[in-house]
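**Student:** Just the structure for this:
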Amino acid sequence: MAKRAPTVGIIGLGFGRAHIPAFQANGCQVVALCQRNPEQAKAVADKYSVPRIFDRWEAMLAEAKPEIVVIAAPPHLHHPIALRALEGGAHVVCEKPLAMNRAQAREMLEAAARAKRVAMTGFNWRFPASMQRFHAMVEEGFLGKLFHASARYLVPRWVEEATLPTWRMDRAQAGHGVMGDLGVHLVDLARWNFGEIVRVSARAGIAYPSRTVPGGGRPADAEDFCAVTGELASGALITLMASRVARAGNEQTLEAYGSRGALSYRLTRQGPRWYAGELRAASGTTRLEPVKVRSGLPRSAGEGDQLEVTGKSTVALLVKRLLKGIQKGENPSPSFEDGMRAQAVLDAVLESASRGSRVEVDLN
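**Tutor:** Next comes the predicted model:
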């Protein structure tokens, strides 16, 4: 007898829309969507044949009772939604940043443990084929002793002053600016590949002080660009640069240099099969050479708009791990603990940028 497909409810239809084809590609039933604007929710539901829509997450959890809940709402809602969903017996995938701060993230982690539910953080950029190969080569010892690494995540979304602000400009809703939006992915890739970041020194800025939060009540107070110098537990150095005002910028990069080798990863959302990324490596003193990597994904992963492609090519692989974790009763990585540890780095970055001094990351 065929197994019944797990049911899924998705809260927030910005990046949350990428989760719909990701779960459907894994044979799940997306049964409910939640969005404050019901007209927008209905349009998305009709496109993906989702039967129910809600404008309040409380109603979705109580009435639709999905077995898996995706939280893609603004970060100030992550904590209350996760606690309610876990208490109700649902497994949870929560978009990054996991919470507003490390304390909230820890409460979410503890709630998942009490409920004995699988809880994962949406670090989908671990899953491009070139990044997976990068990680495997690091694990195999290709770099030797790591000396230093650098990472960038650049987009141009708010480079024009006239672009309308969103909740992402409001620290009361977002918790962090570009570091919570983009930079947290760099933090996760650094931790996953090289170990914990133990101290940071950061500088950040707001591109246009004239920009206000949505509604215009007060000035935007969440950073648009941020540069971080960090030290890893191994003693290696790392630099992170995140910007959402990088004109013509549209890339993620991660470079690492060690005693035996060097690796260079790059991903742009341009060209065919962009979602596989690019990888180069060097083990001598000559130039970096391309490493051939196969995505292993069906051709259909590249079909649709960019958000759908992102869902099918990266989020779907995270979902696959989630479903295996549910089946085995295990919490796979990227877990809520990964999200909490990345949150601790974000908190230290925010403190450092505010104080103008180096700050230790609270890893206890």
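**Student:** C-alpha from now on. contacts and neighbour counts both.
**Tutor:** Fine.
**Student:** by contact count, what packs against whatever helix or strand Arg341 lives in?
**Tutor:** Using DSSP states H and E, Arg341 sits in helix 336-355. Under the contact definition 3 or more Cα pairs under 8 Å, 6 or more residues apart in numbering; DSSP states H and E, helix 336-355 sits against helix 102-115, strand 119-121, helix 184-194, strand 197-205, strand 359-360.
**Student:** again, 6 Å this time
**Tutor:** Other elements packing on helix 336-355 under the criterion 3 or more Cα pairs under 6 Å, 6 or more residues apart in numbering; DSSP states H and E are helix 102-115, strand 119-121, strand 197-205.
**Student:** Please name whichever of those is nearest to Lys292.
**Tutor:** strand 119-121 (28.9 Å; Cα to Cα).
**Student:** which outside residues touch that closest one?
**Tutor:** The contact list for strand 119-121, computed with Cα atoms under 6 Å, 6 or more residues apart in numbering, reads 91-95, 334-336, 339.
**Student:** from these, which single one is nearest Glu107?
**Tutor:** Among the contacts of strand 119-121, and counting by Cα to Cα, the member closest to Glu107 is Phe336, at 10.1 Å.
**Student:** Distance of that closest one relative to Ala99?
**Tutor:** 10 Å (Cα to Cα, to the nearest Å).
**Student:** quick one on the thing from earlier: and the contacts of the helix holding Arg341?
**Tutor:** 98, 102, 105, 109, 119-121, 201-203, 358-359, 361-362.
**Student:** Quick one: the helices and strands packed on helix 336-355 as a markdown table, columns for mean pLDDT and distance to Lys145 too.
**Tutor:** Below are the helices and strands packed on helix 336-355 laid out as a markdown table (pLDDT from 0 to 100; distance: least, Cα to Cα, whole Å):
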| stretch | mean pLDDT | distance to Lys145 |
| --- | --- | --- |
| helix 102-115 | 98 | 30 |
| strand 119-121 | 98 | 29 |
| strand 197-205 | 98 | 16 |
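**Student:** Could you dump those into a markdown table and include distance to His19 and mean neighbour count?
**Tutor:** Shown next, in a markdown table, are the helices and strands packed on helix 336-355 (distance: least, Cα to Cα, whole Å; neighbours: other Cα atoms under 10 Å):
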| stretch | distance to His19 | mean neighbour count |
| --- | --- | --- |
| helix 102-115 | 21 | 19 |
| strand 119-121 | 13 | 28 |
| strand 197-205 | 29 | 22 |
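**Student:** what about the stretch 51-200 of the chain, any weak spots by pLDDT?
**Tutor:** By pLDDT under 70, the stretch 51-200 of the chain contains no weakly predicted segment.
**Student:** all strands for it, in order.
**Tutor:** Listed in chain order, the strands found in the stretch 51-200 of the chain under DSSP state E, counting those that start in this stretch are 52-54, 68-71, 91-94, 119-121, 146-154, 197-205.
**Student:** For the closest residue to Gly183 other than its chain neighbours, give the beta-bridge partners.
**Tutor:** Distance criterion Cα to Cα, 6 or more residues apart in numbering; nearest residue to Gly183, sequence neighbours excluded, is Ala242 at 5.3 Å. On the basis of DSSP bridges, Ala242 is bridged to Tyr153, Cys226.
**Student:** Distance of Ala242 relative to Tyr153?
**Tutor:** 5 Å.
**Student:** Compare the two and say which is more crowded by neighbours.
**Tutor:** Ala242 (29 against 26; other Cα atoms under 10 Å).
**Student:** count of neighbours near the residue nearest to Leu61 when sequence neighbours are not counted?
**Tutor:** Excluding the flanking residues, the one nearest Leu61 by Cα to Cα, 6+ apart is Ala85, at 6.8 Å. By the criterion of other Cα under 10 Å, Ala85 has 27 neighbours.
**Student:** what's the answer for Gly258, then?
**Tutor:** Neighbours around Gly258, by other Cα under 10 Å: 18.
**Student:** Just give the nearest non-adjacent residue to it, would you?
**Tutor:** Counting by Cα to Cα, 6+ apart, the residue nearest Gly258 is Leu146, at 4.1 Å.
**Student:** Relative to His185, how far out is the one you found?
**Tutor:** Counting by Cα to Cα, the gap from Leu146 to His185 is 20 Å.
**Student:** Between the two, point out the one with more neighbours.
**Tutor:** It is His185, of Leu146 and His185, that has more neighbours when counted by other Cα under 10 Å, with 25 against 22.
**Student:** Nearest spatial neighbour of that one, chain-adjacent residues omitted?
**Tutor:** Phe123 (6.4 Å).
**Student:** Any idea how many residues pack against that neighbour?
**Tutor:** 26.
**Student:** Now do the SS call for Leu307.
**Tutor:** helix (DSSP: H, G, I helix; E, B strand; the rest coil).
**Student:** Tell me, what's the model's pLDDT at the closest residue to it other than its chain neighbours?
**Tutor:** Leaving aside its sequence neighbours, Leu307 sits nearest to Ala18 (Cα to Cα, 6+ apart; 5.4 Å). Note for Ala18: predicted pLDDT of 98.
**Student:** next one: the one 3 residues further on
**Tutor:** In the prediction, the pLDDT value recorded for Pro21 is 98.
**Student:** mind checking how far the helix or strand harbouring it is from the chain centre?
**Tutor:** Using DSSP H and E, Pro21 sits within helix 16-25. Remark: helix 16-25 is offset 15 Å from the chain centroid, using Cα atoms, centre = their mean, to the nearest Å.
**Student:** Next: stretch 295-312.
**Tutor:** 18 Å.
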